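Novice: Please find the sequence and the predicted model below.
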Amino acid sequence: MPDTEDLHLTDSGHGIDLSQGNVCPMCGAQNNGDQTHCWQCRSLLLQNRPRGHMTPGIAEQSQQLQASMRQRPDSAYFWAAFALLLSSAIIGAQQIVQGIYAPSLAPESFVAFFQNYMTMTRIIVGAGIVVVSPLLLNLVLRLFSLKPQCTDQRVSLIAVMPPALAFALSWLPNAALLVALLAPAILAAFLVRKGLALSGLRTVIVWLSHGLALGVVATAGLYTLESAQTGRVLNPLTESAALRAAVTAPHREKQSLSAQKGALSPTFRWNPSGSAWLDIRANRAQIEIHGRHLIEREVKLIDTASGNTILSGMISGTRWQSDIFIPVIGVAYKISVPDGFADGDNVRIRSLLPVEISP
């Protein structure tokens, strides 16, 4: 039987001396001897006892208490992570179902194409980021020799919550995409600081390193999947420059032409954008005619090189919209309307690629 005077209770999981009531067993913060709860994480503190008062029975009860204290806070992280992961799964399934139905409008911006035409890429990359995030966070902690005062389970739960939130918010309307970037970043900083109980400087180091690692993995995933979609290995340097030019081109997507009564059929030619990814993946177009047509007439889009009709429809009323089609770069197309256009008709092209219009 060991001498109870010399019995020394230690939390073997974290190396914290539980016989010292001013040391928090959860986060390791120093507290005053008369405090009952930790000032930093609000965990219940094991109060100092006089020497000889810590009997084996009390020591066993204290160990059970500390084990219970370690598990209770993790349950909150578990349910928060579960809610975010479930929401992400439901949203992903909903987007897959919606993807069965083709979008009704051709994209006129990169954001519109990303939102409506990259569903599977986004789901695969999002799921992959959630899976690898705990591995990356543990790698960052090991790299900087940091030992957070919490369980390994909490580290994993903290790691999956920000990417799960980012995935769920990424489906918000275009104007709210900034929220999808800022909210997960703020959540990650809060969880690293409070959940891992790291100091301010260490919080910044872990937060930035983990976020950068996730960004690199996400970019690599997007690049790999989109290269597979185009059927060629894309050059990141040339593609980045071309995409930047395409996104910032002023009014490129608002190509339109006002026709005179009886005017001949206008000709359209899609030019290369300089980006193989845009020319292959984002090559979608749509034609709209706005005017006043009291009599129903047939509209045709004709390939001038072959003379074949690409698509057709009946125009009546004030607006006609073609189906979405994939134009061939460099080929001229024309719109054919019996007896020409009505006075004041406006022909508009919806396309992310540059279009050259000739009356």
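Specialist: That came through, no problem. Every value quoted in this text rests on a predicted model; they were computed, and no experiment measured them. Numbers count the residues shown, from 1 in each chain.
Novice: for this protein, what spans make up the strands?
Specialist: With DSSP state E, the ranges of strands along the chain come out as 10-11, 16-17, 255-258, 267-270, 285-303, 309-321, 332-336, 346-351, 355-358.
Novice: what about the closest residue to Leu139 other than its chain neighbours, neighbour count?
Specialist: Residue nearest to Leu139 in three dimensions, not counting chain neighbours: Ala213, with 7.5 Å by Cβ to Cβ, 6 or more residues apart in numbering. Every C-beta, even on glycine, is put in place using the N, C-alpha and C of the backbone. Other residues within reach of Ala213 by the criterion other Cβ atoms under 10 Å amount to 18.
Novice: What of Gly274?
Specialist: Taking other Cβ under 10 Å as the neighbour definition, Gly274 ends up with a count of 15.
Novice: Also Ala93?
Specialist: The criterion is other Cβ under 10 Å. On that basis, Ala93 has 11 neighbouring residues.
Novice: Which pLDDT does the model give it?
Specialist: The predicted structure scores Ala93 at 78 on the pLDDT scale.
Novice: Ala189 too?
Specialist: Each residue has a pLDDT score; the one for Ala189 is 91.
Novice: separation between it and Pro266?
Specialist: Taking Cβ to Cβ, to the nearest Å as the measure, Ala189 falls 54 Å from Pro266.
Novice: Please apply the same query to Ile329.
Specialist: Using Cβ to Cβ, Ile329 is found at 19 Å from Pro266.
Novice: Contact partners for the residue nearest to Leu139?
Specialist: With Cβ atoms under 8 Å, 6 or more residues apart in numbering as the criterion, the residues that contact Ala213 are Leu136, Leu139, Val140.
Novice: And Ala285, how far from Leu191?
Specialist: Noted for Ala285: a distance of 45 Å to Leu191, by Cβ to Cβ.
Novice: picking up where we left off before, now tabulate the strands of the chain in CSV and tack on mean pLDDT and distance to Ser199.
Specialist: Output for these, formatted as CSV (pLDDT from 0 to 100; distance: least, Cβ to Cβ, whole Å):
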stretch, mean pLDDT, distance to Ser199
strand 10-11, 43, 20
strand 16-17, 44, 17
strand 255-258, 60, 56
strand 267-270, 85, 57
strand 285-303, 80, 55
strand 309-321, 81, 59
strand 332-336, 86, 64
strand 346-351, 83, 53
strand 355-358, 79, 56
